[in-house]
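>>> A structural model of the following input is requested.
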Amino acid sequence: MPRTKRLSKSKKRFKKSWDRFAHALGRRIVVYLSDIESECPNCYYDKVNRTSSGVPKSSPGDPNYFAYGRCPVCHGKGVITTSRRRCIDGVIVWNPSGDKMNALTFTEAGYEGATVVEIKTDPCNLDIIKNSKFVIIDSIQCKLATPPILRGIGEKQILIAYFFTVNKPKKDNGERIN
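Next up is the predicted model:
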C-alpha cells in the first residue's frame, strides 16, 4: 500500500476518533465576545460628552418620543450596547497538570484560588477564543491565560487553550477546587 494512502487513512481514523471522543465527553462552553455599540435610533448622540444629547429624533406622535429628560431607549447613554456570545463544544480538563498554581493562597485580600482549566476543541474556534472577553465553563467565569495553540497530526489539528479563574471559597463549606 502506498505511503500517501496509509497517511490519508490515518487522518480519517484520527478525525473520526476525535469527533466521537469530543461528542461523548465534550461539554458546552459559552464564549463572550466584545460588545457592539451603535448609536441610539431615538436620540442624537453627543460625541464630545459621549452621552445622549437629550434631543429626540422622533416626532411627538411616536411612542418613544420624549419632550424632556432622558431617552427611553438608551436611558441617556446615547448608544445601545449589544453583548455577543457564542456556544462551542469542547473537552474540559480542570487543573490539567495538578501543579501548585491551583492551590489556595493567602493574600492581603484573604484566601484566593487561581485555578487553571484546559479546553480542547475544533480549530475553527481559534478566532472566537482569541477575541473572547471571557468564557463560562461549568457556570464559572474564566479568562484566557495563554494564547491558544494548535496540536495534531497532519492537517487535522486540535485547538488547546488554557483559561484561569479566581474563585474565593466560602468560609467553612469544605469547598475545594481540584
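>>> ok now the helix or strand where residue 158 lies, how far from the chain's centre?
With elements delineated by DSSP states H and E, residue 158 resides in strand 156-167, which encompasses its position. Mean C-alpha position of strand 156-167 versus that of the full chain (Cα atoms, centre = their mean, to the nearest Å) differs by 11 Å.
>>> So which bits of it are buried?
Judged by neighbour count (16 or more other Cβ atoms under 10 Å), strand 156-167 contains these buried residues: 156, 157, 158, 159, 160, 161, 162, 163, 165. Where C-beta positions appear, they are placed from N, C-alpha and C, glycine not excepted.
>>> quick one: strands adjacent to it?
Taking DSSP bridges as the criterion, strand 156-167 pairs within the sheet with strand 110-121 (antiparallel), strand 140-144 (antiparallel), strand 149-153 (antiparallel).
>>> Those strands: lowest mean pLDDT?
Across the strands paired with strand 156-167, the stretch with the lowest average pLDDT is strand 110-121; it has a mean of 72.
>>> which residues of the protein fall in strands?
With DSSP state E applied, the chain shows strands at 27-39, 43-46, 51-56, 79-94, 104-107, 110-121, 132-137, 140-144, 149-153, 156-167, listed in chain order.
>>> between those strands, which gets nearest to residue 65?
Residue 65 sits nearest to strand 51-56 of all these, at 5.6 Å, using Cβ to Cβ.
>>> Can you name the residues in contact with the closest one?
With Cβ atoms under 8 Å, 6 or more residues apart in numbering as the contact definition, strand 51-56 has outside contacts at 40, 42-46, 64-71, 74, 76-78.
>>> Domain ranges for this protein, per the record?
The chain resolves into domains spanning 3-35+85-167, 41-77 when parsed by automatic domain parsing.
>>> least reliable of these going by mean pLDDT?
Set side by side, the domains of the chain show their lowest mean pLDDT on domain 3-35+85-167, which sits at a mean of 77.
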